[in-house]
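Trainee: Build the 3D model from these lines:
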Amino acid sequence: HYGDLTDGARLVGLLEKIRPDEIYHLAAQSHVRVSFDEPEFTGNTTGLGTTRLLEAIRTVGLPCRFYQASSSEMFGAAPPPQHEETPFHPRSPYGVAKVYAYWATRNYREAYGMYAVNGILFNHESPRRGPTFVTRKIATAAARIKAGLQDTLYLGNLDARRDWGYAAEYVEAMWLMLQQDQPDDYVIATGTSHSVRDFAQHCFAHVGLDWRDHIRFDERYLRPSEVDDLVGDASKAHRVLGWKPTTHTPELARLMVDA
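Mentor: I've put the predicted structure just below:
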């Protein structure tokens, strides 16, 4: 099946044809740095695309359960740890668009009684992460440098801190949210904080290399406004969904380098 988040009529046709029981809305322009270069496109797909999909469900009258992929980037400059009640302060067009989509989802839930939930997932990584994302860039570079295929990796802000978890475990949390009796919103995170420098150190150490010998700074990768520290408090998900992470950043780095 083919669809386009900028084409509401197409989404209506798809839902009438497929009639799914559950919808996991993961589609977006999801690269934070790119969102500064393409802010209008990001808003149209990541923000308005969610409204088009919600409206398609309502138009068709589909009795499905809807999952919205919200993001820790919505918190932006809000001090950590961040939880479901933390005020949003996004610092990128991507974060702004995700805040719009978050409130659209809550509005459709409250206005129309739709089963619609927001999963506020902190950074979730795996070997399937896109090659332009920093964790995949670092893990791939460590493996390639060890294999003699390249010598240097260029990165931007090494001090940015993130709460990195394993995507496979986070997808289980997404599924659990749609199995509850009542729809609600949940933060999914590990509750730990590591810098980009830390992640690089874990990756390069795993192949017996010193990251300082191979990583160079490139200002082109800096963002106009930076998010300094994201650390999630997922205690509600643990309490209600029975979910907790088992893979943390050091293990995640080794897993991605091995892949």
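
Trainee: Run through the helices of the stretch 51-200 of the chain in chain order.
Mentor: Here the stretch 51-200 of the chain has its helices, by DSSP state H, counting those that start in this stretch, at 93-112, 134-146, 167-177, 196-206.

Trainee: And the longest one, what's buried?
Mentor: I take that to be helix 93-112. 93-106, 108-109 (16 or more other CB atoms under 10 Å). (Each C-beta comes from the backbone N, C-alpha and C, glycine too.)

Trainee: Not counting its neighbours along the chain, what's nearest residue 235?
Mentor: Among residues not flanking residue 235 along the chain, residue 83 sits closest, at 7.4 Å (CB to CB, 6 or more residues apart in numbering).

Trainee: what's the neighbour count on that neighbour?
Mentor: Other residues near residue 83 come to 16 when the count uses other CB atoms under 10 Å.

Trainee: Just the buried residues of the helix or strand hosting residue 36, please?
Mentor: Per DSSP states H and E, residue 36 falls inside helix 32-37. Neighbour counts over helix 32-37 (16+ other CB under 10 Å) mark 32, 33, 34, 35 as buried.

Trainee: gap between the third one and residue 130?
Mentor: This means residue 34. Separation of residue 34 from residue 130 (CB to CB, to the nearest Å) stands at 11 Å.

Trainee: swap in residue 51?
Mentor: Residue 51 sits 25 Å away from residue 130, going by CB to CB.

Trainee: more crowded one of these two?
Mentor: Ranked by neighbour count (other CB under 10 Å), residue 51 and residue 130 place residue 51 first, with 17 against 10.

Trainee: Please tell me I have it right and residue 230 contacts residue 164.
Mentor: No: between residue 230 and residue 164 there is no contact, the gap being 9.6 Å when judged by CB atoms under 8 Å.

Trainee: Name the residue in these two with the higher neighbour count.
Mentor: Each of residue 230 and residue 164 has its neighbours counted (other CB under 10 Å); residue 164 has more, 27 against 23.

Trainee: give the contact list for that one.
Mentor: 122, 123, 124, 125, 135, 190, 194, 199, 249, 252 (CB atoms under 8 Å, 6 or more residues apart in numbering).

Trainee: run the last query once more with 10 Å
Mentor: 122-125, 134-135, 189-190, 192-194, 196, 198-199, 230, 247-250, 252-253, 256 (CB atoms under 10 Å, 6 or more residues apart in numbering).

Trainee: and what of residue 183?
Mentor: Applying CB under 10 Å, 6+ apart, we find residue 183 in contact with 65-67, 105-106, 109, 113-118, 177.

Trainee: any idea which of these is closest to residue 158?
Mentor: Set against residue 158, the nearest of these by CB to CB is residue 118 (30.9 Å).

Trainee: Give the bridge partners for that closest one, please.
Mentor: residue 68 (DSSP bridges).
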